[in-house]
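**Student:** here you go, sequence then predicted model.
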Amino acid sequence: MHPTEEAAVSTRVIGLISGTSVDGIDAALVEISGTELDLKIELLAGATYPYPIELRERILAVGAGVAISMAELAEIDDAIAQVFAQAAQNIQIGHQPATLIGSHGQTVYHRPPADRRIGNTTTPNSPLLSTDAINRVSAHSLLGYSLQLGRGELITYITGITTVSNFRVADIAIGGHGAPLVPRVDAYLLSHPEEGRCIQNIGGIGNVAYIPPRHGDWLSKIRAWDTGPGNSLLDLAVEHLSAGDKTYDENGNWAASGTPCDPLVEEWLNQDYFHLPPPKSTGRELFGVAYLHECLKDAQAYQLSAAELLATLTEFTAASIVHSYRTFLPEMPQRVLLCGGGSRNLYLKRRLELLLPSIPVLTTDEVGLSADFKEAIAFAVLAYWRHLGIPGNLPTATGAPQEVLLGEIHQSQ
Ligand SMILES: Nc1ncnc2c1ncn2[C@@H]1O[C@H](COP(=O)(O)OP(=O)(O)OP(=O)(O)O)[C@@H](O)[C@H]1O
Ligand SMILES: CC(=O)N[C@H]1[C@@H]2OC[C@@H](O2)[C@@H](O)[C@@H]1O[C@H](C)C(=O)O
């Protein structure tokens, strides 16, 4: 059957992801029809299932670089697959069953490819290589590497539903970053005929998709990249400042009771990552525990209170987003649509509004797409595209030289 004929009938798909905040598994049950410009989704159910505490701690430790044996890695891989499969089963309760699952899994390691474009520098997470050295080492060592745990074949076995997983590797194998992948879905679900929009996800890490008005060769003009920290530094700081009592700054209330220290924000924006042109991607390897400790050290000179420190980190997060728009976008957007948990941080949203005068800052909820479950929905769509033979990456977002089919299919029996 031709892909478009098959797509005329809607398909019930489950999207699963646990992001860089490692707070739990976001599951979305969606009805999908159409393919690209006619793509339609209906969110039938969305829920977040928290990780068992011990598993979350193990994942965070692995993500922070704690060495583990291969046996432990295998154990964590299967434990994650089991909780993902359980999430897939739970989200279907009270609904007609799904026929396909798109499971992103849990990122535990992400290394962007070494950057050939910038003479003798590389991306921040790669060892520093001179142009000569780059030419000497094999092409393979220049590739990125991204590891998502929660193997798809086990999810298929437990749920009995065909599962697509390992979405990032095909893009990475041809030289892309393998991230961000959601922008192609954003393009078809959130583009506007007349309006240029920035879709800003604020998860653990922040990422933007700039989508120009939908005419001419708009698709090739989309730009997308990881903007830097989302909630990662804020969450780590809150945990540190509350001595483990709190895991995040609810609605940004704590930060809102302080005042940002502008010289520190300026200083922090000098970091290499913010000056590296897109395509670019990052993770907790860069914006994680060690990074926060550097920030805390820098802050000592200013003797900031806890509230002032959080206000400063929140300002830094907002400023890194806006700085990247002003530096790398061909034109400023006419509207910004926020999604991800950080869109619930009202103080962060207010600071973004202040830094973007005259540009409305809304959430994707306000244009009909769930801000909480957009990523899970996107992986349902990516699995559906894989199933229909439609590519999922956007070369302008990942830096890959071409479009590719994303994901490995684990067929149910
Ligand atoms: N009401 C709220 N107020 C402030 N922050 C919030 C609120 N709700 C959620 N958050 C923040 O959102 C985070 C979770 O966001 P989200 O689930 O989008 O991240 P993620 O999907 O793990 O990350 P990524 O998009 O990088 O993969 C929490 O850790 C918290 O910091
Ligand atoms: C390697 C990895 O898991 N990257 C995530 C992370 O979280 C936000 C940002 O960094 C983004 O690049 C990506 O996630 C979304 C789902 C994406 O691929 O679009």
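**Tutor:** Received, thanks. Ligands and ions are numbered 1, 2, ... in the order given.
**Student:** in which helix or strand would I find the residue of the stretch 1-150 of the chain found nearest ligand 2?
**Tutor:** Of all residues in the stretch 1-150 of the chain, Thr107 sits closest to ligand 2, at 3.4 Å by C-beta to the nearest ligand atom. For every residue, glycine as well, the C-beta is placed using N, CA and C. Taking DSSP states H and E as the criterion, Thr107 maps to strand 100-111.
**Student:** direction included, what does that strand pair up with?
**Tutor:** When pairs are called by DSSP bridges, strand 100-111 turns out to pair with strand 11-18 (parallel), strand 145-149 (antiparallel), strand 163-165 (parallel).
**Student:** quick check, the residue in the stretch 251-400 of the chain closest to ligand 1?
**Tutor:** Gly341 (1.9 Å).
**Student:** what sits against that residue?
**Tutor:** Counting by C-beta atoms under 8 Å, 6 or more residues apart in numbering, Gly341 makes contact with Ser21, Asp23, Ile202, Gly203, Asn231, Tyr248, Asp372.
**Student:** what's the end-to-end length of stretch 212-226?
**Tutor:** 18 Å (C-alpha to C-alpha, to the nearest Å).
**Student:** renumber starting at 52 from here on
**Tutor:** All right, first residue 52 from here; so that's stretch 263-277.
**Student:** is any part of it close to ligand 1?
**Tutor:** No: between stretch 263-277 and ligand 1, judged by C-beta under 6 Å from any ligand atom, nothing touches; the nearest distance is 8.6 Å.
**Student:** before we move on, back to that, beta-bridge partners for the residue of the stretch 52-201 of the chain closest to ligand 2, please?
**Tutor:** Under the criterion used (DSSP bridges), Thr158 bridges to Gln199.
**Student:** for Ile225, which non-adjacent residue is spatially closest?
**Tutor:** Distances taken as C-beta to C-beta, 6 or more residues apart in numbering put Ala451 closest to Ile225, at 5.2 Å, once the chain neighbours are dropped.
**Student:** list the buried ones in the host helix or strand of Ala350?
**Tutor:** Per DSSP H and E: Ala350 is located in helix 340-351. Across helix 340-351, burial judged by 16 or more other C-beta atoms under 10 Å covers Tyr342, Leu343, Cys346, Leu347, Ala350.
**Student:** what's the answer for stretch 398-409, then?
**Tutor:** Tyr398, Leu399, Lys400, Arg402, Leu403, Leu406, Leu407.
**Student:** now swap in stretch 214-230 and tell me
**Tutor:** So for stretch 214-230, counting by 16+ other C-beta under 10 Å, buried means 214-223, 225-230.
**Student:** and the residue of the stretch 52-201 of the chain closest to ligand 2, how far is that from ligand 1?
**Tutor:** Distance of Thr158 to ligand 1, computed by C-beta to the nearest ligand atom, to the nearest Å: 7 Å.
**Student:** quick one: contacts for that residue?
**Tutor:** Per C-beta under 8 Å, 6+ apart, neighbours of Thr158: Gly70, Thr71, Gly114, Ser197, Leu198, Gln199, Gly334.
**Student:** among those residues, which ones lie close to ligand 1?
**Tutor:** Restricting the contacts of Thr158 to those near ligand 1 by C-beta under 6 Å from any ligand atom leaves Gly70, Thr71.
**Student:** which of the contacts of Thr158 count as buried?
**Tutor:** With neighbours counted using 16+ other C-beta under 10 Å, the contacts of Thr158 contain these buried positions: Gly70, Thr71, Gly114, Ser197, Leu198, Gln199, Gly334.
**Student:** correct me if wrong: the last one contacts Val159.
**Tutor:** Going back to what we said before, that points to Gly334. No: counting by C-beta atoms under 8 Å, Gly334 stays clear of Val159, with 9.5 Å between them.
**Student:** about what we covered before: among the contacts of Gly392, which one sits closest to Gly66?
**Tutor:** Ranked by distance to Gly66 (C-beta to C-beta), the contacts of Gly392 are led by Asp423 at 12.3 Å.
**Student:** just the element for the residue nearest to the closest one when sequence neighbours are not counted, please.
**Tutor:** Spatially, and ignoring its direct neighbours in sequence, Asp423 is nearest to Gly97 (6.5 Å; C-beta to C-beta, 6+ apart). Here Gly97 sits within strand 91-101, counting by DSSP H and E.
**Student:** pLDDT and distance to Phe135 added to the contacts of Thr158, as CSV?
**Tutor:** Compiled in CSV, the contacts of Thr158 are given as follows (pLDDT from 0 to 100; distance: C-beta to C-beta, whole Å):
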residue, pLDDT, distance to Phe135
Gly70, 94, 13
Thr71, 90, 16
Gly114, 90, 17
Ser197, 97, 17
Leu198, 97, 15
Gln199, 98, 11
Gly334, 95, 20
